[in-house]
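Participant: quick one: sequence and predicted model below, then my questions.
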Amino acid sequence: MMETRLQEIHELAARIGRPVRLMEVCGTQTMAIFRSGLRRLLPPAVQLLSGPGCPVCVTPDSYYDQVLALAALPDVTIATFGDLMRVPSRRGSLESARARGAQVQVVYSPLDALQLAVVHPDRRMVFLGIGFETTAPTTAWALAEAARHVPNFFVLCGHKTMPQALAALLHSGGARLDGLLCPGHVSVITGTRIYEFIPRDFGLPCVVTGFEPADLLAGIARLLRQIAEGRATVENEYQRCVTTAGNARAQALLAAVFEPCDADWRGLGRIPGSGLRIRNDYAERDAARWCPAVPEAAVEDLNGCRCGEVLRGASTPPQCPLFRHTCTPDTPRGACMVSSEGTCAAYYRYA
Amino acid sequence: MCLAIPARVLEVNGDEALIEVQGVRHAANLALLENVQVGDYVLLHAGFALHKWTAEEAREQEALLQEVFNSMEQTPQPDTAATKAK
Ligand code: SF4
C-alpha cells in the first residue's frame, strides 16, 4: 500500500512540475516523518517544512521565567510534563532549579498533578498547562474538578490554540507554502472546520492526517492532488478519529474554564486571540497571580539560537551555526532541540 | 510520540474507567466523552479518552501501528506513557 502511495506521489509531483513546499503543522508528525525515513522516499521537488505545532518549542521564554519564579517559592511544587524539564531559558531550566532544591514532579497527566495535590495538602501544586486544543481540555477538567474539592491545585496556563497561529504564519508569508498537513489530534477536539479559513483566505489546500507513515503518505498524496488539480479545500484523511465538528463535550469544557487571550509564541511573536487564559470564575486557581508576567522582550535569539526562524519555516536547523556543534539533545541551546517533537531534535536524530 | 494506540474499555465507573492498551491496564478518565461503554475502543491522551473508535476503525489503526512497530528498531511507548503536551 505504501509503494502505491509513493508512486502516486511521484507521479503527482512530476505532473505539478515545480517544487512544492508543504508544512506539517504538528511536531509529532515531524518526528514520525523523520523516524520512518519518509523524507528520503519523497521526490526532491516535494519539500516538507515543520510548523509551529511543538508546544514546548513555541512556548516563549517569558513563560519559563514565570515557571522558574514559581519554582523558587518555598511551598510550591511544580507538576509538569517531562519534556519541559530541560528547556533552557534566561534563568536556567527546571532541571537546574530542581538540582538547586526546587520541588518539581514529572507527570503524565493533569490527573496525576491533581492527585499529587491531594496527597500533599501542605504544598501549592502548580500544574504547567502547556499544549494545544488536545491537551487544554484535560487541564480544564482538572481545574474544574479542583475548584470543587482540591484547594491547593493551581495552573500556570500557557495553552495555545492553533488556527490563529496558522493565520499569523500564513499572513507573514515567510514560509511560502503550497499546502498544509493539519494535526490529527488537535482536530479530534476541534473538528476539521477550524481550517476552513485556510483555503478560503489563503487559497491553500489542507489535509488533516494522523501520525502513522501510511497516514502521512496519504495526506501528502492528497495535498499534491489538490495542487495538481488547482483545488484548495480541507480534506480529512483521518476520518477514523476526526469529524467536522469535533468533540463537543471537550469544546464546552474549554469554553467554560478558559477564554481566548493574546499570547506570545516563540518565533511568531504576539498573536491576538491565540492563547487561553483562565476565566474569572476560576481566578483563584491561576498561579500567574503570584508571578506577574514579564513582557516577552526581544529574546528570540537567546544565545544565538534560531528556534524562531525554524518555527516559522524560514530556516532549517542545519542553517543554525550552533546545530550539532554546541547544540545537541544532551546540551540543548534552544527549545527546538529539547522536545522530542522539536524540529532541531528531529534533524539531529534522523536527518 | 502522539501515537494513537486504541485502548479497550474493560470497566466503567462513572467518569472513571479501566482500560487496556496492548495488554497493559491503566486508569482513564471518561469525562470528555459521552456514552462510553465496556468493550468500546477509545483514543487516549494525557489520561483522558478523547474519541471513541468503532471496532473496525480500531482494527485499522492497530494494523497501521503494527506496520510502524515492524519497521522500527525501538518500540514506541503508548501515548498513555508519553510525557507530551500536545
Ligand atoms: S540547533 Fe539549537 S540553537 Fe540552533 S535553532 Fe535549533 S535549538 Fe536553537
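Facilitator: Done, it's in.
Participant: quick one: residue A:241 and residue B:54 touch, right?
Facilitator: No - look at residue A:241 against residue B:54 with C-beta atoms under 8 Å: they stay out of range, at 11.1 Å. C-beta: built from backbone N, CA, C; applies to glycine.
Participant: doesn't residue A:346 lie inside a strand?
Facilitator: No - according to DSSP: H, G, I helix; E, B strand; the rest coil, residue A:346 belongs to no strand; its state is helix.
Participant: how many residues are close by it?
Facilitator: When neighbours are counted by other C-beta atoms under 10 Å in any protein chain shown, residue A:346 registers 25.
Participant: for residue A:26, see how far away it is.
Facilitator: Distance, residue A:346 to residue A:26, using C-beta to C-beta, to the nearest Å: 12 Å.
Participant: show me where chain B has helices.
Facilitator: For chain B, the helices defined by DSSP state H occupy B:55-71.
Participant: helix or strand with the lowest mean pLDDT in it?
Facilitator: helix B:55-71 (a mean of 72; mean pLDDT, DSSP states H and E).
Participant: grab the nearest non-local neighbour of whatever residue of chain A ends up closest to the ligand.
Facilitator: Minimum separation of chain A from the ligand (C-beta to the nearest ligand atom) falls at residue A:334, amounting to 2.7 Å. Closest residue to residue A:334 apart from its sequence neighbours, by C-beta to C-beta, 6 or more residues apart in numbering or on different chains: residue A:305 at 3.5 Å.
Participant: if we can go back for a sec, any shared contact partners between residue A:241 and residue B:54?
Facilitator: Common contacts of residue A:241 and residue B:54 (C-beta atoms under 8 Å, 6 or more residues apart in numbering or on different chains): none found.
Participant: neighbour count for the two, which is higher?
Facilitator: Comparing residue A:241 with residue B:54 by other C-beta under 10 Å, the one with more neighbours is residue A:241, at 21 against 11.
Participant: any idea of the pLDDT on that one?
Facilitator: Per-residue pLDDT puts residue A:241 at 84.
Participant: next, it: secondary structure please.
Facilitator: coil.
Participant: ramachandran coordinates for it?
Facilitator: phi -120, psi -20 (degrees, to the nearest 10).
Participant: how about residue A:124?
Facilitator: phi -90, psi 110.
Participant: for residue A:39, same thing?
Facilitator: Per degrees, to the nearest 10, the backbone of residue A:39 is at phi -50, psi -40.
Participant: that one and residue A:48 touch, don't they?
Facilitator: Yes - between residue A:39 and residue A:48 there is a contact at 6.4 Å, judged by C-beta under 8 Å.
Participant: kindly state the domain boundaries assigned to chain A.
Facilitator: According to automatic domain parsing, chain A is divided into the following domains: A:1-301, A:307-350.
Participant: can you list those domains in TSV and add distance to residue B:43?
Facilitator: Formatted as TSV, the domains of chain A follow (distance: least, C-beta to C-beta, whole Å):
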stretch	distance to residue B:43
domain A:1-301	6
domain A:307-350	18
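Participant: among these, which is nearest residue B:12?
Facilitator: With C-beta to C-beta, the closest approach to residue B:12 among those belongs to domain A:1-301: 15.8 Å.
Participant: ok now the closest one, how far from the chain's centre?
Facilitator: 3 Å (C-alpha atoms, centre = their mean, to the nearest Å).
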